[in-house]
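*Asks:* The following comprises the amino acid sequence and a computationally predicted model.
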Amino acid sequence: MPAEGSGVAALIAATPELDWITDPALVRQKSRDFFWYSPVLKRQLNRVTGEAVVQPRDEAEVRAVLAAAFAAGVPVTARGAGTGNYGQAMPLHGGVVLDLSRLDQVLWCKPGIVRAQAGIKLIDLDAQTRQQVGGELRFHPSTKRTATLGGFIAGGSSGIGATTWGTLREAGNILGLRVLTCEAEPRVLELRGAEISKANHAYGTNGIITEVEMPLAPAWDWVDLAVSFPTLREAARFADSFTRLDGVVKKLACVVAAPIPQQHFRSLGHRVPEGHSVALLMVAEPFLDALPPLVAAHGGREILRVPTEQAEVPLYEHSWNHTTLQVLKTDKSVTYLQSLFPAPHHLDKVAQLEAAFGDEVPHHLEFVRLGGEVCAFGLSLIRFSTEQRLAEIMAAYEAAGCPVFDPHAFTLEAGGMKRVDGAQLAFKRENDPKGLLNPGKMAAWDDPDWKPDRPQSMHLFETAEPAPAEVLE
Ligand code: FAD
């Protein structure tokens, strides 16, 4: 129970009609996300917990929580499914965890577009749009089976489908966001166009997303395909060429270096020849016949072909951040890095860093289309020794021209994905004047002179300076 006389106790007393959880064990459980992915965050955040969890049933109840929290001066940290792996949803300053998972309805959908409440699970969203209009999200995180739509927008970046559609930062990949402010009388904003970047990947620090409008791609029957190659270089060249096959409808082009698949992929490892690296693909069923010539030309060997729906563990749960999870299941000492191997020299840079670090940093690459170019995100695994060594590896990546998005940092800025500029700060000031939304995650809010302690050559999410958002109510 929150301490008597505390702000949270006052907040609960002021809103008895809301569904509150105060049991400390449950509150702690619902305060945690996948921060423990990082040994650094594990050390820093392990004791963090909220004081109470509230589960609104509709937007009116979200508004009631925000108004009462503003009056009581209590921090509010939004939560979808808590699968973020940089501690995005960890309530650093305690207060209330705002669980949005009951806002789970599709509001409408038509060919090519869906609008849904933010707490809907991605897997439920895809099932409904597939059934209603033959469409599905353009891309989804590898946590599709558990994560929510709002959590993906506020805390994620990209995923399965990026071979064609890029990331959440690309204009057009999010069509609209309905956002509530944290004020005495919370306002409702509808963000569209360039405005969307303000709340996209902002960890819920500048508003609570209640509805999301997304474009849809045609929903195909997907097939998982794994191809093995004697070397990482061959696997990477193949995945690069595959991503450029513009006539082939595809969703995934993931490369994992030996010996990771053999040692850690329980359902697949036994199929991978000793010493081989693998390319993990998702292809729409009608296009499978286009692949054998490309596989042969790169010296590959097909080792798995199964409809995604029938896979024991779908290949997408071996890709993106799931690759690290598969490894962590059998080796808790491993961690990872997030980086970009920018076009057009991405393959050379992979080879350069492979030569520099060898088996200390086994490569895991996701080939994507970014800004119209094919390139690769690196989610390299790291055989962790010390935090200092981790920093050295990140510095070496940056020095090689590969921007690092540090998954061992919990602020928007230190993580390096989002640049918090004047527009972001002004937006937060307007929407969250008391700084109650997910406090501690926007470094520039707490310290306007904040500077990164390592050079950051690129941010994935930059904010445009558009006109003020339209206020609906
Ligand atoms: P949460 O973790 O609950 O929240 C994420 C952030 O958004 C938090 O800051 C939270 O405060 C905020 N938030 C949640 N809901 C709202 C809302 N309605 N309004 C405002 N703020 C809100 N990410 C990817 O991008 N691609 C991947 O492929 C991917 N794979 C992953 C694999 C594994 C194994 C793990 C552990 C993580 C992975 N992630 C990936 C990260 C994460 O799973 C996704 O970003 C996911 O979409 C987050 O959704 P969630 O509902 O769990 O959000």
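*Replies:* All right, it came through fine.
*Asks:* Tell me which residue of the stretch 101-250 of the chain lies closest to the ligand.
*Replies:* Nearest residue of the stretch 101-250 of the chain to the ligand, counting by Cβ to the nearest ligand atom: residue 151, 2.0 Å away. Using the backbone N, CA and C atoms, a C-beta is placed for each residue, glycine as well.
*Asks:* which non-adjacent residue is nearest the residue nearest the centre of the chain?
*Replies:* Nearest to the mean C-alpha position of the chain, by Cα atoms, centre = their mean, lies residue 156 at 2.3 Å. Residue nearest to residue 156 in three dimensions, not counting chain neighbours: residue 141, with 5.1 Å by Cβ to Cβ, 6 or more residues apart in numbering.
*Asks:* list the contacts for the one you found?
*Replies:* 83, 122, 147, 152, 156, 158, 159, 160, 320, 321 (Cβ atoms under 8 Å, 6 or more residues apart in numbering).
*Asks:* contacting residues around the fifth one?
*Replies:* Taking Cβ under 8 Å, 6+ apart as the contact definition, residue 156 lies against 84, 141, 147, 168, 201.
*Asks:* now do residue 112
*Replies:* Per Cβ under 8 Å, 6+ apart, neighbours of residue 112: 133, 135, 215, 216.
*Asks:* can you pull the pLDDT of residue 258?
*Replies:* Residue 258 is assigned a predicted lDDT (pLDDT) of 97.
*Asks:* Correct me if wrong: it contacts residue 265.
*Replies:* No. Using Cβ atoms under 8 Å, residue 258 is not in contact with residue 265; the gap is 11.3 Å.
*Asks:* list residues touching both of these two?
*Replies:* Shared contacts of residue 258 and residue 265, defined by Cβ under 8 Å, 6+ apart, are found at residue 272.
*Asks:* residue contacts, residue 278?
*Replies:* Residues counted as contacts of residue 278 (Cβ under 8 Å, 6+ apart) are 226, 227, 228, 229, 235, 255, 256, 261, 268, 272, 303.
*Asks:* can you do 6 Å?
*Replies:* Applying Cβ atoms under 6 Å, 6 or more residues apart in numbering, we find residue 278 in contact with 226, 228, 256, 261, 272.
*Asks:* Give me the subset of those residues that lies in strands.
*Replies:* 226, 228, 256 (DSSP state E).
*Asks:* Count the residues that sit near the closest residue to the first one other than its chain neighbours.
*Replies:* Nearest-residue entry for residue 226: residue 304, 3.9 Å, with adjacent residues in sequence omitted and distances by Cβ to Cβ, 6+ apart. Residue 304 is flanked by 19 other residues according to other Cβ atoms under 10 Å.
*Asks:* Could you measure from residue 304 over to residue 233?
*Replies:* 21 Å (Cβ to Cβ, to the nearest Å).
*Asks:* What of residue 460?
*Replies:* Remark: distance between residue 460 and residue 233 (Cβ to Cβ) = 26 Å.
*Asks:* Compare the two (neighbour count), which wins?
*Replies:* Each of residue 460 and residue 233 has its neighbours counted (other Cβ under 10 Å); residue 460 has more, 21 against 15.
*Asks:* which residues does the nearest residue to the more buried one once chain neighbours are set aside contact?
*Replies:* Leaving aside its sequence neighbours, residue 460 sits nearest to residue 417 (Cβ to Cβ, 6+ apart; 4.7 Å). Residues in contact with residue 417 (Cβ under 6 Å, 6+ apart) are 201, 405, 460, 461.
*Asks:* Does the second one touch residue 338 like I think?
*Replies:* Yes. Counting by Cβ atoms under 6 Å, residue 338 is a contact partner of residue 405 at 4.3 Å.
*Asks:* how near is the closest residue in space to residue 275 that isn't next to it in sequence to residue 396?
*Replies:* If the residues on either side of it in the chain are set aside, residue 275 comes closest to residue 258, at 5.3 Å by Cβ to Cβ, 6+ apart. Distance, residue 258 to residue 396, by Cβ to Cβ: 22 Å.
*Asks:* Show me what from the stretch 351-473 of the chain comes close to the ligand.
*Replies:* Those residues of the stretch 351-473 of the chain that sit near the ligand, judged by Cβ under 6 Å from any ligand atom, are residue 438.
*Asks:* what sits against the residue in the stretch 351-473 of the chain that the ligand sits nearest to?
*Replies:* Closest approach between the stretch 351-473 of the chain and the ligand, counting by Cβ to the nearest ligand atom: residue 438, at 5.1 Å. Residue 438 makes contacts with 77, 203, 204, 205, as judged by Cβ under 6 Å, 6+ apart.
*Asks:* Which ones among these lie within strands?
*Replies:* Counting by DSSP E, the contacts of residue 438 place residue 77 in strands.
*Asks:* For the contacts of residue 438, give me CSV that also has pLDDT.
*Replies:* CSV is the format used below for the contacts of residue 438 (pLDDT from 0 to 100):
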residue, pLDDT
77, 98
203, 97
204, 98
205, 97
